[in-house]
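> the following comprises the amino acid sequence and a computationally predicted model.
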Amino acid sequence: MVVVGVTGMESLSLSEKAARMRESLQKSQTITDNVVSILGSFDHRLSALETAMRPTQIRTHAIRKAHENIDKTLKAAEVILAQFDLSRQAEAKILRGPHEDLESYLAAIDQLRSNISFFSGKKSFKSSEGVVNNANTLLVKAISNLEDEFKQLLASYSKPLEPDRLFECLPNSMRPSSGSPGHHGEAHHKSPSHNHSDNSDLETATFTPPALIPPRILPLLHDLALQMVQAGHQQQLLRIYRDTRSSVLEESLRKLGVERLGKEDVQKMQWEVLEAKIGNWIHYMRIAVKLLFAGERKVCDQIFEGFDSVSDQCFAEVTTSSVLVLLSFGEAIAKSKRSPEKLFVLLDMYEIMRELHSEIELVFKGKACTEIRESAFSLTKRLAQTAQETFGDFEEAVEKDATKTAVLDGTVHPLTSYVINYVKFLFDYQSTLKQLFQEFENGDGTGSQLATVTMRIMQALQTNLDGKSKQYRDPALTHLFLMNNIHYMVRSVRRSEAKDLLGDDWVQRHRRIVQQHANQYKRNAWQKILQCLSVQGLTSSGGGSSVAGDVSGNSSGVSRQLVKDRLRTFNIQFEELHQKQSQWTVPDTELRESLRLAVAEVLLPAYRSFVKRFGTLVENGKNPQKYIRYSAEDLERMLGEFFEGKTLNEPRRKNINAFPCRVFTVSFMYFFKAARRQNKTKWTAKCQVACHEAMSFPLQLRSLFPSRRLLLHQAFYQQIIPTRNFAMDSRNHSQDSKESTVDETRESCAKGACDYTSVKHASHIIPHLLKLYGSCATARDFEIYAPGASFEDPLMCAQGVPQIKSAFYSLSKVFSESKITEYSVKENVISPQKLEILIDNKQHYKFLGRNIDMISLIKLHVEDGKIVRHEDWWDKKPLRNRETVKLPLVGHILEMTRRGSMLATHAMMGFGKDPSS
């Protein structure tokens, strides 16, 4: 209204406007004063009201606080009551025990611990102490029940493993064949090792540790162990686990064949028995570390997951006893008396310890297992040290061998054969020896240490042979002996891996030495007789005995009597040489022929020239045949009889001694180790040669080995290879190629090895059998056998057709020729479906150009037209086994040996794989 009034007065004068403005301002001031007065009265009234309401507000706040306290108290009471309810429920479950529901029982223990923690924090609660004490009492009882439950559950599912179960966890290449008997000691003859290809196979092979406890039980055991550890019962847990699992682990090893043997037990054992146990120990170590101990580590880690120290401690306590049993045997061998034949088993033991080095570090990890690891690595070092010391012993024994009995015929000395074969086997261990040398020396890894050792051994052998050669009174025989032995050394080196290390220089140098001795032999043996054919000294100064001349004039001035004396002397000397040197031996065919040829090239031209020039002087006289007793052709024929090694009044030697005396005295069991170390053909030849040559084991080596050791070796080999009459023809050294030999063999098989008289039941079997023995069999020829058939001879025992295939397929790898030359068949009908076929036969083999003939009786047991059992009785003597020898233990060992031989051959021949496949 004021603004409207002011606007309406725009037309009025300035004074009027000012008067009106003053009036308006006064009215506004009056209104403002009135409002202020009114508001002041309100403030007074509100203050009074507030003063009046304050007691009421205080009472309301107190009531609200009381309600809040009541709510908190009720909630606290509800929690306590709930804990009381849970305690009663947990108590009921604990009193029922863990057998009904273990998981609920474990949950009750957790709840009980929670209650104890809860009431321990409620100090203001008057009954909290009593509740805590009651809960602790229940907890102690619950943990005690848990110990019993852990022990009962662990014992129920801890059972010793049978060997077959362990074999299933091995790689396929190491499992026993399906046809082999389940003897523990025979289970692993097929195990590969050593050379590069085999090592790589072994490294990539999968070992699957067995489930020692069912996987579904491990979580329950883990929960039980966790409760016991939380309750502070760690020591009780360790004791229960150790007592239960250690005994089970020891029993598993015992079932496998592990024995607790110490140094005294080892010293009392015969070598053959000890050697077999060493071979088994190697397999036991691999199975124990890679399967049993690895499986035990897996169980420990799962049960004690989250408690590494407890896991390591439990594992160490469980395995300590078993590990010590295994390592103590190794220590006993390493500390036993050293001898050369132990070197190879020491290298095998060292090799397995090196192979298991990484597994031992992985499985036996942790501080608690430190002692076990150190014991294993200490054994490795000890084996290496003993092996190296044995090297030195062998070198010294070779050089100082003091055997005085020389080989009378100048052939290869048994010591030479022994040393050379020993060295050959050393080269089967090249990688192992390289590691062994590096244990003690800073080698360059090129094999120089092995080359150095080999050269030292060879030099020691040469030194010894030089000494032995001085035993001969005849200088010619001295040089013949040295020529034979050094030639044998050179030839063996050239045909083995030793050539790569010793080098061509060594070979060429020693070939020159062989030639030098051959020349010395010719000079000493033939110089005197050649003087009889010399013109010098034949002319006479005069007398009636001289002849003026002949038609040709070649004998002018020559005394007839001197010519007669010369021819008489020549005849006497040549006959003496023939008689003597026919008994001497040059075992190598090429060397023998070349030596004969060298003599003939000197002797025959001189004899022809002398007879042609002066023969007429004798022929014109009386009894010319008395002086010209031989023609040049007769001399040449008689020279062909030199170096045959025949005895007096015997045209040719008819027994095994006609073989060069190549003796290999490392035990027969370790010939089968070669199956792991060389290609198949090479190994088979080595094994077969060793078998035959073992028959002439030299008693002269008593300085190298104890006499008891020698006698055991002889008895051992005679049990394996009964004495047989071998007819040797050392002249026939066929140089035909392999292809032509195979063709001839196949032809002989196709035509029939001998006259065959048809027999009713055997007619379909004999042709196939001839092919088997003729090394020309095919897969169809083995269809004559039943699937579970067996074959046994003094060397092998095959079970099942695949092993029988391996046995016969290996013949062509050893012999350049094999066949049945004569036979006769007899049938004995046992029942309409069963019969016995007896084949009396002669077998012929050719090995290294030498013919070997033997007699045999083949016994075939036939059912439903199939062979179920095939026995080959050499010399028609029954096979030696537990039923045919006086001592069953000896028979058992022989059976084991034949099975081991078969398993090695089976693995070597590709497990019966047909050559064409």
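Perfect, thanks for sending it.
> from residue 848, how far off is residue 595?
Distance of residue 595 to residue 848, computed by Cβ to Cβ, to the nearest Å: 18 Å. Any C-beta I mention is one placed from the backbone N, CA and C, and that applies to glycine too.
> higher neighbour count, the two?
residue 595 (20 against 15; other Cβ atoms under 10 Å).
> average model confidence for the helix or strand hosting residue 480?
Per DSSP states H and E, residue 480 falls inside helix 475-494. Across helix 475-494, the average pLDDT comes to 91.
> in it, which residues are buried?
476-493 (16 or more other Cβ atoms under 10 Å).
> cool, stretch 233-251 as well?
Neighbour-count burial for stretch 233-251 [16+ other Cβ under 10 Å]: 233-234, 236-238, 240-242, 244-246, 248-250.
> please enumerate the strands of the chain.
Applying DSSP state E to the chain gives strands spanning 785-792, 797-799, 817-831, 834-847, 850-863, 866-874.
> do a quick rundown of the helices in the stretch 401-550 of the chain.
414-427, 430-440, 448-469, 475-494, 498-531 (DSSP state H, counting those that start in this stretch).
> same question for the stretch 151-300 of the chain.
Using DSSP H, counting those that start in this stretch, helices in the stretch 151-300 of the chain cover 163-167, 196-204, 218-230, 234-256, 263-268, 271-287, 294-303.
> show me what contacts the nearest residue to residue 462 once chain neighbours are set aside?
Leaving out its chain neighbours, the residue that sits closest to residue 462 by Cβ to Cβ, 6 or more residues apart in numbering is residue 486, at 7.2 Å. Residues in contact with residue 486, defined by Cβ atoms under 8 Å, 6 or more residues apart in numbering, are 462, 465, 510, 513-514, 517.
> how near is residue 486 to residue 506?
Counting by Cβ to Cβ, the gap from residue 486 to residue 506 is 12 Å.
> quick check: which ranges of the stretch 101-250 of the chain have low pLDDT?
Low-confidence segments of the stretch 101-250 of the chain (pLDDT under 70): 101-144, 176-205.
> could you measure from residue 875 over to residue 791?
Residue 875 is 18 Å from residue 791, by Cβ to Cβ.
> of the two, which one has the most company?
When residue 875 and residue 791 are compared for neighbours, residue 791 comes out ahead with 23 against 13, by other Cβ under 10 Å.
> who does that one bridge with?
For residue 791, the beta-bridge partners are residue 798, residue 870 (DSSP bridges).
> and residue 652, what's its pLDDT?
Reported pLDDT for residue 652: 44.
> for the stretch 701-850 of the chain, what are the low-confidence residue spans?
701-761.
> about what we covered before: which among the helices of the stretch 151-300 of the chain is found nearest to residue 345?
helix 271-287 (4.6 Å; Cβ to Cβ).
> now find how far off-centre the closest one is within its chain.
10 Å (Cα atoms, centre = their mean, to the nearest Å).
> and that helix, what's buried?
271-272, 274-287.
> now do it, average pLDDT.
The pLDDT scores in helix 271-287 average 88.
> same check on stretch 890-901?
Stretch 890-901 comes out at a mean pLDDT of 79.
> please apply the same query to stretch 61-80.
Mean predicted lDDT for stretch 61-80 stands at 69.
> stretch 326-346 now?
For stretch 326-346, mean pLDDT is 87.
> and the end-to-end length of it?
15 Å (Cα to Cα, to the nearest Å).
> count the residues that sit near residue 523.
Counted with other Cβ under 10 Å, residue 523 comes out at 14.
> on that earlier part again, of all the strands of the chain, which one is nearest residue 583?
Judging those by Cβ to Cβ, what sits closest to residue 583 is strand 850-863, at 18.7 Å.
> starting at the chain centroid, how far to that closest one?
How far strand 850-863 lies from its chain's middle: 33 Å, per Cα atoms, centre = their mean.
> now do stretch 264-284
15 Å.
> and if you look at stretch 283-302?
The answer for stretch 283-302 is 19 Å, by Cα atoms, centre = their mean.
> may I see the buried residues of that stretch?
Under 16+ other Cβ under 10 Å, the buried positions of stretch 283-302 are 283-300.
> ends of that stretch, how far apart?
28 Å.
> now do stretch 208-215
End-to-end distance (Cα to Cα), stretch 208-215: 15 Å.
> what are the contacting residues of that stretch?
In contact with stretch 208-215 (Cβ under 8 Å, 6+ apart) are residues 154, 157-158, 161, 165-166, 168-169, 221, 248, 290-292, 294-296, 298-299.
> what's the neighbour count on the closest residue to residue 566 other than its chain neighbours?
Nearest residue to residue 566 in three dimensions, chain neighbours excluded: residue 532, at 4.9 Å (Cβ to Cβ, 6+ apart). A count of nearby residues for residue 532, using other Cβ under 10 Å, gives 19.
> what number of residues lie near residue 462?
The number of residues near residue 462, taken as other Cβ under 10 Å, comes to 19.
> my read is that residue 314 contacts residue 238, right?
Yes: the criterion here is Cβ atoms under 8 Å, and residue 314 meets it with residue 238 at 5.8 Å.
> sorry, back to before: format the contacts of residue 486 as a markdown table; extra columns: distance to residue 768 and pLDDT.
Converted to a markdown table, the contacts of residue 486 look like this (distance: Cβ to Cβ, whole Å; pLDDT from 0 to 100):
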| residue | distance to residue 768 | pLDDT |
| --- | --- | --- |
| 462 | 51 | 89 |
| 465 | 50 | 90 |
| 510 | 48 | 90 |
| 513 | 52 | 93 |
| 514 | 47 | 93 |
| 517 | 51 | 93 |
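> of the residues you listed, just the buried ones, ChimeraX syntax please.
Restricted to buried positions by 16+ other Cβ under 10 Å, the ChimeraX selection for the contacts of residue 486 reads:
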select :462,465,510,513,514,517
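> I'd like the contacts of residue 486 written out as TSV, with distance to residue 393 added.
Formatted as TSV, the contacts of residue 486 follow (distance: Cβ to Cβ, whole Å):
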residue	distance to residue 393
462	19
465	19
510	25
513	27
514	29
517	30
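> low-confidence ranges in the stretch 501-650 of the chain?
Ranges of the stretch 501-650 of the chain meeting pLDDT under 70: 539-557, 647-650.
> which residues are in contact with residue 793?
Counting by Cβ under 8 Å, 6+ apart, residue 793 touches 871-874, 879.
> 7 Å instead, please
Taking Cβ atoms under 7 Å, 6 or more residues apart in numbering as the criterion, residue 793 is in contact with 872, 874.
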